[in-house]
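Enquirer: Here is my input; please provide its structure:
(2 chains)
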2 protein chains.
Amino acid sequence: MTKPNTKTLKGFKELLPKEQMLFNTMLSVIKNTYELYGFIPLDTPVLERAETLLAKAGGETEKQIYQFTKGKTNYAMRFDHTVPLARYVAEHERELAFPFRRYAIGRVYRGERPQTGRLREFYQCDIDIIGKNTLPLTADIEIPQIIYALFQKLLPKNTPFTIRVNNRKVLNGFYASLGVDTVATMRIMDKRDKIGTEGVSQELQAIGINRDTIQTILAFSDITGTNTEIIEQLKALNRDNEQFNVGIEELAQVANDLSITQIDLSIARGLDYYTGTVYETTLDNFPQVGSVCSGGRYENLASTYTNSKLPGVGISIGLSRLFDQLLSLDLISLKQATPTQVYIIPATQQQEAIYRAHMLASELRDTRNIPTEVAMIYKLDKAMKYANKLGIPKVIIIGEDELVQNVYTFKNMHTGTQQTLDKEAVLRIM
Amino acid sequence: MTKPNTKTLKGFKELLPKEQMLFNTMLSVIKNTYELYGFIPLDTPVLERAETLLAKAGGETEKQIYQFTKGKTNYAMRFDHTVPLARYVAEHERELAFPFRRYAIGRVYRGERPQTGRLREFYQCDIDIIGKNTLPLTADIEIPQIIYALFQKLLPKNTPFTIRVNNRKVLNGFYASLGVDTVATMRIMDKRDKIGTEGVSQELQAIGINRDTIQTILAFSDITGTNTEIIEQLKALNRDNEQFNVGIEELAQVANDLSITQIDLSIARGLDYYTGTVYETTLDNFPQVGSVCSGGRYENLASTYTNSKLPGVGISIGLSRLFDQLLSLDLISLKQATPTQVYIIPATQQQEAIYRAHMLASELRDTRNIPTEVAMIYKLDKAMKYANKLGIPKVIIIGEDELVQNVYTFKNMHTGTQQTLDKEAVLRIM
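Expert: I've put the predicted structure just below:
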């Protein structure tokens, strides 16, 4: 009889033990860093009422969403953590303390055509700070500090990264002062890296912007320098637009020259969603990777669900994609295929050897917190093969001789050195 | 305009911050314990090919499963971790080392009618040890050690629990020697706690078992005593059935009198799935809770997906249900609603206070790994309310006076004591 297909579906990925171990290490770093900054874990359901989850969605987004009906209920699978956050805050507003700092680490689902790097099930790791009515700019200033602390730990050494910031008020105010369609213009300018100056010029012309204005737009987005220099150049534009000037002030506070951020006026973050500071994080030596951590300030999180005004700022890391990219760039490398640090082999079926193995294992686990495994393979060569395949760093052998002499054979699997040790000596070198 | 319904769907649950913090602590204890015993994390997709996931399912199970079609694909949501494990091992067999020890912690989905304690989305926390062709009985012996280590940590002190074991070979062999329908008889006997001796007697009669045999069956399931006494009584039954005798031998090895397990011949674990040792774990003072950790030995994990013979043994914890029960029994209590241990309040909008707050916060995070939050509320009373609501244990205040004198006001929120300290003193008491 033909067996069912055991491969995962296209766009769905499962990891082999070595990959999973490494992926989980990265998940832990993210979780621990988010908690170090006092973000509260949140774990909303994967399935929601379709009408609630999709209340604001439409077009492309809605097409991608996994929806189905069971009984009388229309279900939809979450496609990000932001919409569930908005619903959660609206539902539990009175029980929460504001500013509400939450993190969400979990899988989200998008039924896109799976292309390279595009998954249908993937991990997103978000933080957001939600204010009630207001949220001070210190929230915007704190976000890059968290990104910095996180990527210092998450990326291997010698992988410099840059936290780029911009402010939508600067962009909106600037384009408004020119009298052009802000969103359309920004959408086009956002593609400058991909289609080049000629390309964006043509597209801007196509939406009816004249050559002079296009030159001003290009000159604006060409502004570079230190953060202070950029702020000075922006001020020197003397555009009489309040939004523009407020944006410059905010940008100046988020990115001064002592800051860990770099102003990049080309960043818009396509969506209409953001209204103030926006962030992107890029790997200096691998621009092709694009932004690995993005987000920004929004005016109102949950207007779909509540009349309360809930301004916020947040970032998101698409960990599944980042993991794949770091692996394929050889920036991270697979190590162990198991948490086990010590593998104890009773190399004889004598009860006494098995008993001693378990006693030592218990001691290592209970008093040292060392992940320890007792072999269930009693042939030494086969057991060593197992330890090798899993990349276990330390092996302890209890054979007939060891039993008689009341000692342990200790093998360091990285160096290959082997020693005969009594129990105290074993515990000492762990 | 009416706002969309922001409540979660029936059978779906989301936790408030205090609950989530506590739930995550329990998740961590489970994860860490599983890893301490060398189990490898696995994280299979939530969505699978329906025809693969449901290859073996049928009847009640199949009705409960969330299934849908998108494009040309029939999707099903995982309803446990065992079927995905079987598929995974079949698919990746050549890349794994055996015995394959894996844990899976994650949500599974069952569209049951949601009753008290029955959720449609809930966490299951599984370990399994899968052998290739054979798996020694030491695996069965190790499982209760892990349950014991885990529940020692997971349950509050003074919550004694009992790991009950039985062996399906003993049951199967015994019933076979009586010539009765094994599965049907066990299904009935499994209900003895609920419907009583009279109830099961009637049901046994109804499937055609005579009174004498029923007495023998009841007497068998009434066997009690120490593990050694039970083993002796089983042997004394002198039933000439090989399966029965092998089962007794296995049971004697899993549960001797020094063991942390208690033989309970009434345990059958309803399913036809198990073939050897079976486990249940009960809270001594709360029998109404039922088993909080169950599992057993199975002959062949993945016959649906591969011709390889893969015997295994495993257990599962339904954490969402256990959490609800421990909470409603007041065995665990909610504490903090945030990971934050130290909350630093710049009780003035002076830049210097905010700057100093962030410097101290960085030091606590970077050198002490202490989750620290800088207040974004600059009114002292409002900031204290926030700290109180979240249950943050330590507060540091930097106001005008503190700035001038270069000190910090430290408040222990549990005792209410307040001290004025210089920075060294602050770091010393953290």
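
Enquirer: For the rest of this, base every contact and every neighbour count on C-alpha atoms.
Expert: Will do.

Enquirer: low pLDDT regions in chain A?
Expert: For chain A, the stretches with pLDDT under 70 are A:1, A:114-117, A:270-271.

Enquirer: do that again at 80, thanks
Expert: Low-confidence segments of chain A, defined by pLDDT under 80, are located at A:1, A:57-61, A:112-117, A:190, A:257-259, A:269-272.

Enquirer: tell me, what residue is most central in it?
Expert: The centroid of chain A falls nearest to A:Ile317 when counting by Cα atoms, centre = their mean (2.7 Å).

Enquirer: what's near enough to touch A:Cys125?
Expert: Going by Cα atoms under 8 Å, 6 or more residues apart in numbering or on different chains, A:Cys125 touches A:Ile30, A:Tyr103, A:Ala104, A:Ile105, A:Gly106, A:Ser316, A:Ile317, A:Gly318, A:Leu319.

Enquirer: Please tell me I have it right and the first one contacts A:Leu150.
Expert: By that I understand A:Ile30. Yes. The criterion here is Cα atoms under 8 Å, and A:Ile30 meets it with A:Leu150 at 6.6 Å.

Enquirer: burial measure for A:Lys70, as a count.
Expert: 13 (other Cα atoms under 10 Å in any protein chain shown).

Enquirer: Please apply the same query to A:Thr182.
Expert: 16.

Enquirer: Strands along the stretch 51-200 of chain A, start to end?
Expert: Using DSSP state E, counting those that start in this stretch, the strands of the stretch 51-200 of chain A run over A:67-70, A:73-77, A:100-109, A:121-130, A:161-167.

Enquirer: residues from the stretch 51-200 of chain A in reach of chain B?
Expert: Contact residues, the stretch 51-200 of chain A versus chain B (Cα under 8 Å from any Cα of the partner chain): A:51-52, A:55, A:66-70, A:87-88, A:90-91, A:95-99, A:121, A:135-136, A:138-139.

Enquirer: Restricted to helices, list the residues you listed.
Expert: A:Glu51, A:Thr52, A:Arg87, A:Tyr88, A:Ala90, A:Glu91, A:Thr138, A:Ala139 (DSSP state H).

Enquirer: Now the buried members of those residues.
Expert: Among those, those classed as buried by 16 or more other Cα atoms under 10 Å in any protein chain shown are A:Thr52, A:Arg87, A:Tyr88, A:Ala90, A:Glu91, A:Ala139.

Enquirer: In this structure the fourth one contacts A:Lys309, no?
Expert: The one in question is A:Ala90. No. With contacts counted by Cα under 8 Å, A:Ala90 stays clear of A:Lys309, the gap being 10.1 Å.

Enquirer: intersection of neighbour lists for the two?
Expert: Common neighbours of A:Ala90 and A:Lys309, using Cα under 8 Å, 6+ apart, are A:Ala302.

Enquirer: what about A:Ala361, is that helix, strand or coil?
Expert: helix (DSSP: H, G, I helix; E, B strand; the rest coil).

Enquirer: what sits against it?
Expert: Contacts of A:Ala361 (Cα under 8 Å, 6+ apart): A:Ile344, A:Thr372, A:Glu373, A:Val374.

Enquirer: if you set the cut-off to 10 Å instead, what comes out?
Expert: A:Ala361 is in contact with A:Val342, A:Tyr343, A:Ile344, A:Tyr355, A:Ile370, A:Pro371, A:Thr372, A:Glu373, A:Val374, B:Leu36, B:Tyr37, counting by Cα atoms under 10 Å, 6 or more residues apart in numbering or on different chains.

Enquirer: Quick check on those: which are buried?
Expert: Buried members of those, counted by 16+ other Cα under 10 Å: A:Val342, A:Tyr343, A:Ile344, A:Ile370, A:Pro371, A:Thr372, A:Glu373, A:Val374, B:Leu36, B:Tyr37.

Enquirer: so how far is chain B from the fifth one?
Expert: Between A:Pro371 and chain B the distance is 4 Å, computed by Cα to the nearest Cα, to the nearest Å.
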